[in-house]
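Novice: heads up, no residue letters with this:
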Ligand code: HAM
């Protein structure tokens, strides 16, 4: 009988078979961030609703249409976080973390929640890997932020991420830009959808988030450059990207769907994504800390969509699932004797610490059944361990692909595997 309980729409279980990819990405991301001096931060998934209204912005689609908000038993308005930048800011201000240090570099990995219409690449519970450079102003930090995400994507095996970048300008430039855009959109108001008419009132930049077909020609024709010519600093910034071999294109209509941005903003994309082709997004936000009641703290940062990242990593040759499949070793105890089982456990631990994934079928000691299982799992290497092997301090390695079998010591095995570890 089918279970009458189902997961909520747009919220998915991550099961064995799939979870290995998540673990692989998480451990690589942690390694990458920590090696660059970033520290992990974890904040609660629930926050007061006001936090997001104030930061992401009332006129943004996220706050206006997509938040999972509700009143708790105490009558407090709370929300499942739709993103982390605001939560990190709340935490830094609340705990006074900038009192003892000039700047902070944080990274995070975790679930976010947006009540969007679920489809491929768009979930209601999704995950992000992100980083924030806090109290870091200037072009060097902007460059470091982009170089950081570029470096991380490359470290994960994405050869050719493409960045779309724009400059939302400093406060003065923004004022002129907003006034100009308001004038333009007011002149074509009758061609705008109802939502955009509301956006024109509330925050004209949000019109660029509109997906309604009928609004697109008017949006495309917005004379953006007339109101906000690209600054010399931005042009110099793009020169640095070129020198660093970071592929980018300038997209003037890229405003990002969150209100807190100021200055340079960007999105990243890569082959392997469908209609939802934004793999990551980020940029400078210099006013957020003050907006939330803290001291001014210029910041920049980015978030990568975890699910979309996995689609990219599993696309084309050298797909992650294949690589992970090859990095699994099946451990086959041929005897239930305690000394055999102890050696199996110790060997599994040592293999795992070398980056190999291990599989074992508890309670099974017949070689033919082990080999059948390993075949079912599509595993290339089987490590056989019986009383003989333990007494001789050897392990029997069977390569199912090369159809070879040889006894070896642990040291020989570790050496042998080094040559074939594909990750
Ligand atoms: P965002 O562009 O809203 O930025 O989200 C970043 C990434 O999260 C997107 O590029 C996408 O890959 C993924 N994403 C967003 N919504 C969904 C969804 N419904 N389903 C699956 N994936 C999704 C931010 O969240 C900012 N906090 C980025 C940032 C950090 N800016 C400065 N620091």
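Specialist: Perfect, I can see it now. This one's a predicted model, so the numbers in the text were calculated from it and none came from an experiment.

Novice: how about residue 297, secondary structure?
Specialist: Assigned by DSSP: H, G, I helix; E, B strand; the rest coil, the conformation of residue 297 is coil.

Novice: What is the neighbour count of it?
Specialist: The number of residues packed around residue 297, counting by other CB atoms under 10 Å, is 22. The C-beta positions use only the backbone N, C-alpha and C, and glycine is treated the same way.

Novice: What's the per-residue pLDDT of the residue nearest to it when sequence neighbours are not counted here?
Specialist: Across the structure, with CB to CB, 6 or more residues apart in numbering as the measure, the residue nearest residue 297 apart from its sequence neighbours is residue 289 (3.9 Å). If you check residue 289, the pLDDT there is 98.

Novice: ok, the residue nearest to residue 202 when sequence neighbours are not counted - contacts?
Specialist: Counting by CB to CB, 6+ apart, residue 202 lies nearest to residue 59, which is 3.8 Å off, once chain neighbours are set aside. The neighbourhood of residue 59, defined by CB atoms under 8 Å, 6 or more residues apart in numbering, consists of 198-199, 202-203, 206, 259.

Novice: quick one on the thing from earlier: tell me if the residue nearest to residue 297 really is in a helix.
Specialist: Yes: per three-state DSSP, residue 289 lies within a helix segment.

Novice: Quick check, it in contact with residue 88.
Specialist: No: shown here, residue 289 and residue 88 do not form a contact pair, counting by CB atoms under 8 Å, at 10.2 Å.

Novice: Give me the distance between residue 121 and residue 21.
Specialist: Counting by CB to CB, to the nearest Å, the gap between residue 121 and residue 21 amounts to 16 Å.

Novice: and residue 260, what does it touch?
Specialist: Taking CB under 8 Å, 6+ apart as the test, what residue 260 contacts is 55-57, 85-86, 285, 287-288, 291.

Novice: Dump those to JSON lines, plus neighbour count and distance to residue 148.
Specialist: Converted to JSON lines, the contacts of residue 260 look like this (neighbours: other CB atoms under 10 Å; distance: CB to CB, whole Å):
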{"residue": "55", "neighbour count": "24", "distance to residue 148": "22"}
{"residue": "56", "neighbour count": "25", "distance to residue 148": "22"}
{"residue": "57", "neighbour count": "22", "distance to residue 148": "25"}
{"residue": "85", "neighbour count": "24", "distance to residue 148": "15"}
{"residue": "86", "neighbour count": "24", "distance to residue 148": "20"}
{"residue": "285", "neighbour count": "27", "distance to residue 148": "16"}
{"residue": "287", "neighbour count": "18", "distance to residue 148": "22"}
{"residue": "288", "neighbour count": "27", "distance to residue 148": "19"}
{"residue": "291", "neighbour count": "16", "distance to residue 148": "24"}
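
Novice: about what we covered before: quick one: which of the contacts of residue 59 is nearest the ligand?
Specialist: The shortest separation between the ligand and any of the contacts of residue 59 is 11.4 Å, and it belongs to residue 259 (by CB to the nearest ligand atom).

Novice: any idea how far residue 30 is from the closest one?
Specialist: In terms of CB to CB, residue 259 sits 30 Å off from residue 30.
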